[in-house]
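**Q** Dropping the sequence and predicted coords here.
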Amino acid sequence: MKTYDKGDALPDDYKKLLLNLMSFQADSEYGGGQRVAENMQYAPRPEEAYRLSKKVMEEFGHAYYVWNLMAELGVDVNVRLRELIAHPENPDPKVVNLINGFRRENWAPNFDSWQDVALFSTVVTPAAVAFLGQYQNCSYLPWARVNVRIHKEEHGHLAFGVWASKRCIEFGGEAMRADMQARVPKFMRIGLGFYGRPSAGAAKSQMFDKYYEYGLKVKKPEELQAEYLEIVEARLKEVGLEMPRDIEPDYDMRVGYEAGDEVSSPAIKPAAA
Amino acid sequence: MAARFPDPLVEQRHAVLARYGAEPATLPAGEADEARWTELWRLLKPDFATADRTQVPDFASLAPAAREAARAYIGCRIEADRLLARCKEAHSRLARDGIATDAVEHYATVRDAYEDGVMAFGAARERLDTLLPKTK
Ligand SMILES: [Fe+2]
């Protein structure tokens, strides 16, 4: 795999694809932080509220790391931050590459309680961490290094989900456990769709081969999905919940940066209801 | 005036912290300020109302060791608020002056400190938890 470091000349086509993925990561880290901030309304107790606030700050920090690299490549990133601040609910897709799942209209219906917030971190976050984890080994070395740093910080997020879910049950008892079990499938659909469509077969993603060839994506959706299922099963078990079988992935939510496969962001199709 | 996020949505959603006494971020003036400790404890005690502890004592009814641990716990919350204010300032600087390496690194440093502060608040909660009686 050919790699590039800071200051190296990048082939045009490579640079275009790289910036596309980087912008999806950065813009979505920030937009995701804003969604997490909205969920503070569900925090039932002080420690929960502070821990969620801490998570918001971390997501913003991840955006800053990646935006800073994009700025080095000549992108005006301040306009992206300004757009997200000015229009948090629906930022202009011509300005920012926010994944569909982090647009407010697609995100908010998944949440009506703190247990949803806890389960999101238990069931969906591992998919994000595994997905973004692959960028640690990508061919653009400055971005790979930033993702090593982000990956370390994300470790705390994984622990947060299990902690928050266990606390729900500690306070709400068995009735709460049953309530949470019933909420697991909706989040697993999102987690399973995170990686995008399989790398082979009829549903094959158009752009995947190109990203793979350039070393910008280094794992196949199937590998990431297997990794994900293993983590999620272990975490649900830790909480005392069961992993449901035969859940159909929801690819249209594209929480998983799969939208990054389409290079022109204005063309992103709206998520299925 | 207290620090604010440059992002109005984020500022507005952080208002939830006020429920637990965030701002004014000052410790009561010594142990004698019983009224203020009592009030701050009242706001935070839901943190301890687990299924097996439906009644959490008022500040006045806490045993001496628990009272001491409760003061430490309240102090951690106030410290977390102070660290959060520094994050807000670093965030404002990025929004105002633009994304640049030194400002990003400064943000990372104060954010790390806030993270430590929140985790210390959690550790203080756990310590206090072992000192509070269960009600069932
Ligand atoms: Fe993140």
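**A** Cool, got the structure. Numbers count the residues shown, from 1 in each chain, chains lettered A, B, ... in the order given.
**Q** out of all of them, which helix in chain A is the longest?
**A** Taking DSSP state H as the criterion, chain A has its longest helix at helix A:141-193.
**Q** avg pLDDT for that one?
**A** Helix A:141-193 comes out with an average pLDDT of 93.
**Q** is that helix anywhere near the ion?
**A** No - Helix A:141-193 lies apart from the ion when judged by Cβ under 5 Å from the ion; the minimum separation is 5.8 Å. To be clear about C-beta, it is placed using only N, CA and C from the backbone, and glycine gets the same treatment.
**Q** Which SSE is immediately downstream of that helix?
**A** Using DSSP states H and E, the helix or strand that directly follows helix A:141-193 along the chain is helix A:208-213.
**Q** Give me the neighbour count for residue 13.
**A** Reading this off chain A. Close neighbours of A:D13, defined as other Cβ atoms under 10 Å in any protein chain shown, add up to 10.
**Q** wrong one, chain B
**A** Neighbours of B:R13 (other Cβ under 10 Å): 23.
**Q** just for chain B, where's the confidence low?
**A** Along chain B, segments meeting pLDDT under 70 span B:1-2, B:23-32, B:136.
**Q** so where do the helices sit in it?
**A** Using DSSP H, the helices assigned to chain B run over residues B:8-13, B:34-44, B:64-97, B:101-129.
**Q** For those helices, give me CSV that also has distance to A:H155.
**A** Shown next, in CSV, are the helices of chain B (distance: least, Cβ to Cβ, whole Å):
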stretch, distance to A:H155
helix B:8-13, 23
helix B:34-44, 27
helix B:64-97, 20
helix B:101-129, 12
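**Q** Would you enumerate the residues in contact with B:P8?
**A** Neighbouring residues of B:P8 by Cβ atoms under 8 Å, 6 or more residues apart in numbering or on different chains: A:I85.
**Q** can you tell me how far the spatially closest residue to B:A65 that is not a sequence neighbour sits from B:A66?
**A** By the measure of Cβ to Cβ, 6 or more residues apart in numbering or on different chains, the closest residue to B:A65 outside its immediate chain neighbours is B:L131, 5.5 Å from it. B:L131 sits 4 Å away from B:A66, taking Cβ to Cβ, to the nearest Å as the criterion.
**Q** what's the answer for A:N137, then?
**A** Separation of A:N137 from B:A66 (Cβ to Cβ) stands at 50 Å.
**Q** More neighbours: which of the two?
**A** Per other Cβ under 10 Å, whichever of A:N137 and B:A66 has more neighbours is B:A66, with 20 against 13.
**Q** A:R189 is in contact with A:D250, isn't it?
**A** Yes - counting by Cβ atoms under 8 Å, A:R189 touches A:D250, with 4.2 Å between them.
**Q** List the residues that contact the closest residue to the ion within the stretch 51-200 of chain A.
**A** Closest approach between the stretch 51-200 of chain A and the ion, counting by Cβ to the ion: A:H62, at 3.9 Å. A:H62 sits next to A:Q25, A:A26, A:E29, A:I150, A:E153 when contact means Cβ under 8 Å, 6+ apart.
**Q** Select only the buried ones of these in PyMOL?
**A** Entered in PyMOL, the line below selects the buried ones among these, by 16 or more other Cβ atoms under 10 Å in any protein chain shown:
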select buried, chain A and resi 25+26+29+150+153
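**Q** Would you reformat the contacts of A:H62 as JSON lines and include distance to chain B?
**A** Formatted as JSON lines, those follow (distance: Cβ to the nearest Cβ, whole Å):
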{"residue": "A:Q25", "distance to chain B": "15"}
{"residue": "A:A26", "distance to chain B": "10"}
{"residue": "A:E29", "distance to chain B": "13"}
{"residue": "A:I150", "distance to chain B": "11"}
{"residue": "A:E153", "distance to chain B": "9"}
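**Q** Could you work out the most separated pair of the contacts of A:H62?
**A** Spanning the widest gap among the contacts of A:H62 are A:A26 and A:E153, at 14.8 Å by Cβ to Cβ.
**Q** Around B:R36, how many other residues sit close by?
**A** 17.
**Q** Distance of it relative to B:I74?
**A** Noted for B:R36: a distance of 10 Å to B:I74, by Cβ to Cβ.
**Q** Minimum distance to the ion, which residue of chain B gives it?
**A** For chain B, Cβ to the ion, closest residue to the ion: B:R111, 12.0 Å.
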